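Undergrad: Sequence first, then the predicted structure:
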Amino acid sequence: MLAAAVEEDHGVVAERHPLEDLTARGAVAHRPRRLLPEHALVELDEGREDARRRRLLDVGEEVGLGHEEPVALLAAEEGDALVVDGAERLLRAARAQRIVHGLTGPLSNPNYNNGKGRFAKRRTRRTGKGREEGGEAPMLAIISDLHANLEAVTAVLDDVRAQGADKIYCLGDVVGYGPDPVPVTDLVRERAEVCLEGNHDEALHRGPLGFNPPAAQVIYWTVEHMKPGFFSGVELRKRWDYITTRPQTHRLEADLFVHGSPLDPTSGYLLMQDLNFGPTEKYEQVFAETERLIFCGHTHLPCVITDDFETKTSKQLENTWTWEKGKAIVNVGSVGQPRDGDARASYVLFDGKKVTWRRVPYAFEQTSAKVQTLLGIEKLAERLKVGV
């Protein structure tokens, strides 16, 4: 179920990247960023079957990732992203660097490829200390993956107010999938102190590369309703500028906030099943990017992954987890499209040590009806009712 719940808007993305010489080497001409369909698996040089079997690229989060063993690809439904079900899901980053010619430096380095790579353009926001000397940390409400679901967002913001949170951090995907991108964006502009860029927000100005047809359809529809034209007013332009210029990471003291992964802020996956076969160098690199906690969304699956490679869902933790030592990844879940079998909106309250997942009921029937009427996509309408 977890595998099937992975972002279904991704098929394959071959992002333009200055490594054209890879074509001649029989590798890949572009930097892959998301799960590749079967036809896009990289064909390495002829006569290197053993190497090919070791290096099939199914790309999740970084550049040129693959499996130690041959992978099995499963398509849940026509047009959905392919989900990898293999022995080792991700190729070690160090090996990826050897496969992808031209990268000089660790993949976790935002200035990899001598400052010419995509991460060199990563937008980062930082704030100073979150607490006064000797005082208590502010109560943060951390929301993510709102997906233009006005009913869910309104209910969550009401709950945030009732819980007395001091600040709201949004981890991205304000738009996409849902029918109300304009009012949801305006609420985030008004209420959130920090808002990061998610892959759906990024798609507004980069295009829905690799999204499945329903997800791409909603992105095009959203652009039509949000992008200013020649005679557009100031407010529409300000809204568009806001949603298309979000930073990709944020640091508060020892903690890192990101939509996806520190290694690929908008589109990288941090999944519990990545560790089904034990520790990986990928997660060692991920944890090296923070001093303490990483808060993320993107998968729509609330959970905790610790640096001793233990994993628990929020349900297993009874919606409460307290940091005591070490490092951990905290997935806050999704406000606008939960996928853990619970249709209620999910977000996190954080007081500096204690993480509490809040599950908030909302009028999903109303949102579902608007999705059906305005977008005409039954699948997106129905999934809101069951939280998958």
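TA: Cool, the structure landed.
Undergrad: Just the buried residues of stretch 339-354, please?
TA: Residues 339-340, 342-350, 352 are the ones in stretch 339-354 that count as buried (16 or more other C-beta atoms under 10 Å). (C-beta placed from N, C-alpha, C; glycine too.)
Undergrad: Sorry, wrong one. I was asking about stretch 247-260.
TA: 247-252, 255-260.
Undergrad: what do you get for stretch 318-328?
TA: Buried, per 16+ other C-beta under 10 Å, within stretch 318-328: 319, 321, 323, 327-328.
Undergrad: Ok, stretch 224-242 next?
TA: 226-227, 239-240, 242.
Undergrad: Tell me which two of those residues sit farthest apart.
TA: Across the buried residues of stretch 224-242, the longest distance by C-beta to C-beta is 12.7 Å; it joins K227 and Y242.
Undergrad: can you map out the strands along the stretch 151-300 of the chain?
TA: 167-170, 194-195, 249-252, 255-258, 293-296 (DSSP state E, counting those that start in this stretch).
Undergrad: how about these in a markdown table, adding distance to G210?
TA: Converted to a markdown table, these look like this (distance: least, C-beta to C-beta, whole Å):
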| stretch | distance to G210 |
| --- | --- |
| strand 167-170 | 23 |
| strand 194-195 | 23 |
| strand 249-252 | 22 |
| strand 255-258 | 20 |
| strand 293-296 | 20 |
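Undergrad: Ok, which of these comes nearest F231?
TA: Using C-beta to C-beta, the nearest of the strands of the stretch 151-300 of the chain to F231 is strand 194-195, at 27.6 Å.
Undergrad: which secondary structure elements does that closest one contact?
TA: strand 167-170 (3 or more C-beta pairs under 8 Å, 6 or more residues apart in numbering; DSSP states H and E).
Undergrad: separation between D201 and G178?
TA: Relative to G178, D201 is positioned 13 Å away (C-beta to C-beta, to the nearest Å).
Undergrad: meant to ask about M272
TA: On the measure of C-beta to C-beta, M272 and G178 end up 26 Å apart.
Undergrad: and these two? which has more neighbours close in?
TA: G178 (29 against 18; other C-beta atoms under 10 Å).
Undergrad: Test my guess that that one contacts V184.
TA: Yes. Counting by C-beta atoms under 8 Å, G178 does reach V184; the two are 7.3 Å apart.
Undergrad: which residues do the two both contact?
TA: 146, 148-150, 336 (C-beta atoms under 8 Å, 6 or more residues apart in numbering).
Undergrad: What about the residues you listed, which are in strands?
TA: Among the shared contacts of G178 and V184, the subset assigned to strands under DSSP state E is empty.
Undergrad: Just the CA atoms of stretch 374-384, as CSV, please.
TA: Written as CSV, here are the backbone C-alpha positions of stretch 374-384 (Å, rounded to 0.1, in the frame of the first residue of the first chain):
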residue,chain,number,x,y,z
LEU,A,374,-14.3,21.9,-12.4
LEU,A,375,-11.6,19.5,-13.3
GLY,A,376,-13.7,16.5,-14.5
ILE,A,377,-11.2,13.9,-13.1
GLU,A,378,-13.1,11.2,-11.2
LYS,A,379,-10.1,9.5,-9.8
LEU,A,380,-8.8,12.7,-8.1
ALA,A,381,-12.3,13.3,-6.7
GLU,A,382,-12.8,9.8,-5.3
ARG,A,383,-9.4,9.4,-3.6
LEU,A,384,-10.2,12.3,-1.3
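Undergrad: picking up where we left off before, next, format the strands of the stretch 151-300 of the chain as CSV and append distance to T222 and mean pLDDT.
TA: Listed next are the strands of the stretch 151-300 of the chain as CSV, based on distance: least, C-beta to C-beta, whole Å; pLDDT from 0 to 100:
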stretch, distance to T222, mean pLDDT
strand 167-170, 17, 98
strand 194-195, 16, 98
strand 249-252, 24, 98
strand 255-258, 22, 98
strand 293-296, 23, 98
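Undergrad: Ok, which of those strands comes nearest L380?
TA: Nearest of those (C-beta to C-beta): strand 167-170, 21.1 Å.
Undergrad: Run a quick neighbour tally on the closest residue to Q217 other than its chain neighbours.
TA: Once flanking residues are discounted, Q217 sits nearest to I377: 6.8 Å by C-beta to C-beta, 6 or more residues apart in numbering. Here the count is done by other C-beta under 10 Å, and I377 has 19 residues near it.
Undergrad: got a list of what N319 touches?
TA: Neighbours of N319 in contact, by C-beta under 8 Å, 6+ apart: 356-359.
Undergrad: Model confidence score at it, please.
TA: Listed pLDDT for N319 reads 98.
Undergrad: distance of it from E291?
TA: 25 Å.
Undergrad: what residues go with each domain of the protein?
TA: As assigned by automatic domain parsing, the chain contains the domains 1-121, 130-386.
Undergrad: among the ones you listed, which gets the worst mean confidence?
TA: domain 1-121 (a mean of 34).
Undergrad: coming back round to it: now for the buried residues of stretch 339-354: which two are most distant?
TA: A343 and G352 (30.2 Å).
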